[in-house]
Structure formats: structure tokens, C-alpha cells
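Undergrad: Fold the following, please.
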Amino acid sequence: MSVTSAFKRHNQVESPSGNLACSGCNHNRVILAFRNANGAFVAPTPETMTSAVSRMEPDASGVLQLDPTVTAPAGQPQPYPLTYVEYAMVPAEPLVDATCTARPDSQARRNARATSPTNT
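TA: So this is what the prediction gives:
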């Protein structure tokens, strides 16, 4: 069975170029699968994004970048090509004002946000 017929069988639509497929909607978001260099369609899943992160290389500034042409060996999750890493900057030293006076309230709020379950 061709990739195109497999997508149509599952109510998925392939682009005219054959490099992009829409696999439906999830919470009002369209989920796109991209054809990789091996011809497999790769959709965003925890496994494909983990595969992508594990294959990222740092650029000159140290930011991890994914080569969109990279693939995984057969039998392993293929990397999703639109995966990226978000970076957050937090002060490593205690918070102080312009006169170097400690800001305990600001420090407490920063510490609470840095350890909240949504930031893990």
C-alpha cells in the first residue's frame, strides 16, 4: 500500500507535493506530518520530538539546532523536523536592586516559579 493510500484510508490528506500530510485536528490544532529523507511521514509525538532533541547539535552560539534532513536508524522513532528547544534565563545570584539591597519578596516569587510543577 502506498503512503498516499494509507493516509487517505485514515482520513488524512496529503499535499500536492507529497511532502506534507494533515492528520486531522487535535484541540482545534491541525497536526502535520512531514515526509523525511527516507520517505516516511513523521508526526509530532513525544517519541519523535525526543528523537529530534537527541540528534540536535549546538550552533556557534550554543543553541541546539536540528538538521531537518537527519533521520534515525530503521526501527527507531524518526525525528520530527519542527522540534525546537526553548531556553529560559534565570538569575543565578540573589536578586538585588540598583543599590545592591536584597529583594527578598522578588527572590521568593522567583524561587516559587522556578520550582513549580509547570516548569519541570
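
Undergrad: how far does stretch 88-99 sit from the chain's center?
TA: Its chain's average C-alpha position is 29 Å from that of stretch 88-99, according to CA atoms, centre = their mean, to the nearest Å.

Undergrad: swap in stretch 99-117?
TA: Taking mean C-alpha positions (CA atoms, centre = their mean), stretch 99-117 and its chain are 29 Å apart.

Undergrad: Contacts only, for Tyr84.
TA: Leu66 (CB atoms under 8 Å, 6 or more residues apart in numbering). C-beta: built from backbone N, CA, C; applies to glycine.

Undergrad: Out of the helices and strands in the chain, which is least certain?
TA: Taking mean pLDDT, DSSP states H and E as the measure, the chain has helix 3-9 as its least confident helix or strand, at a mean of 40.

Undergrad: number of nearby residues for Thr83?
TA: Thr83 is flanked by 19 other residues according to other CB atoms under 10 Å.

Undergrad: List the contacts of it.
TA: Thr83 makes contact with 44, 48-49, 52-53, 56, 66, according to CB under 8 Å, 6+ apart.

Undergrad: Next step: the residues you listed restricted to strands.
TA: Secondary structure assignment by DSSP state E places none of the contacts of Thr83 in strands.
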